[in-house]
Each structure stands twice: as structure tokens, then as C-alpha cells.
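Student: I'll drop the sequence and a predicted model, then ask my questions.
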Amino acid sequence: MTAEHLDGNALAGPMAEIFAVDVTAATARCANCGLAGPIASLHVYGPEPGLVARCPSCGEVVLRLVRSLGAAWLDLRGAVSLRVSLPD
Ligand SMILES: [Zn+2]
């Protein structure tokens with residue numbers, strides 16, 4: 001039995017829509033304690049060597065963002081999900 005799949009280019013359109021919005025209004029769910037709240041409510045430390053955003057409830061890292069010349073790294077392993085409101 002084989003599974004049909006598309007390559008990652010199939011994510012280009014849907015992800016461009018998501019990352020074009022003001023992400024501070026998006027709702028992140030903490031992978032450690034399950035608290036769901038707006039990105040704007042996270043406790044952010046940095047900016048050097050990168051931005052680290054921690055859960056306001058349990059203090060665990062929800063996301064990390066590092067910007068360098070020509071690139072950015074976004075680490076979302078501390079978030080179970082990121083909910084972005086979009087127009088219908
Ligand atoms: Zn938490």
C-alpha cells in the first residue's frame with residue numbers, strides 16, 4: 001500500500017496566507033501546560049542572540065525567532081498549535 005502525497009510546494013499558497021497576517025493576534029497553545037492565548041500575551045526576552053517567547057502561565061519556551069543577514073529561523077516546538085483568524 002502506498003500513500004499519495006504532494007511535495008512541500010503545495011504548502012506555498014496556504015502558508016503565504018497565514019504568514020501575511022499580524023501574527024501577534026494569532027492564538028498559540030503551549031505544548032507544556034496547554035494554555036491558549038494570543039501571541040501578544042507571551043513573555044518575550046531578547047533580542048540577542050534571538051527572541052525567546054515564554055508561556056505566561058508555566059514559563060516554558062513557546063517560540064524562538066532568530067534573524068540574521070538574509071535569513072530567519074522560527075522554532076515553534078513549544079507550541080502545539082497556532083490559530084490564525086482569516087477572512088471567510
Ligand atoms: Zn505553558
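Tutor: Sure, I can see it.

Student: what parts of the protein come near the ion?
Tutor: By C-beta under 5 Å from the ion, the residues of the chain that approach the ion are 30, 32, 33, 35, 55, 57, 58. In short, each C-beta sits where N, CA and C put it, glycine included.

Student: low-confidence ranges in this structure?
Tutor: 1-2 (pLDDT under 70).

Student: quick check: longest strand of it.
Tutor: Scanning the chain for the longest strand, with DSSP state E as the assignment, gives strand 61-68.

Student: adjacent strands (with direction) for that strand?
Tutor: Taking DSSP bridges as the criterion, strand 61-68 sits next to strand 51-54 (antiparallel), strand 71-75 (antiparallel) in its sheet.

Student: which stretches in this protein count as strands?
Tutor: Applying DSSP E to the chain gives strands spanning 27-30, 36-38, 43-45, 51-54, 61-68, 71-75, 79-83.

Student: how about TSV for those, with mean neighbour count and distance to residue 13 added?
Tutor: Shown next, in TSV, are the strands of the chain (neighbours: other C-beta atoms under 10 Å; distance: least, C-beta to C-beta, whole Å):
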stretch	mean neighbour count	distance to residue 13
strand 27-30	20	22
strand 36-38	13	25
strand 43-45	13	30
strand 51-54	18	27
strand 61-68	17	23
strand 71-75	11	19
strand 79-83	15	18
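
Student: could I have the CA atoms of stretch 5-14 written out in PDB?
Tutor: In PDB, the C-alpha atoms belonging to stretch 5-14 read as follows (Å, rounded to 0.1, in the frame of the first residue of the first chain):
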ATOM      1  CA  HIS A   5       1.400  12.800  -1.300                       C
ATOM      2  CA  LEU A   6       2.300  16.200  -2.700                       C
ATOM      3  CA  ASP A   7       5.700  17.800  -2.200                       C
ATOM      4  CA  GLY A   8       6.100  20.800   0.100                       C
ATOM      5  CA  ASN A   9       5.400  23.300  -2.700                       C
ATOM      6  CA  ALA A  10       1.700  22.500  -2.000                       C
ATOM      7  CA  LEU A  11       2.100  24.500   1.200                       C
ATOM      8  CA  ALA A  12       3.200  27.700  -0.500                       C
ATOM      9  CA  GLY A  13      -0.200  29.300  -1.100                       C
ATOM     10  CA  PRO A  14      -1.800  28.300   2.200                       C
END
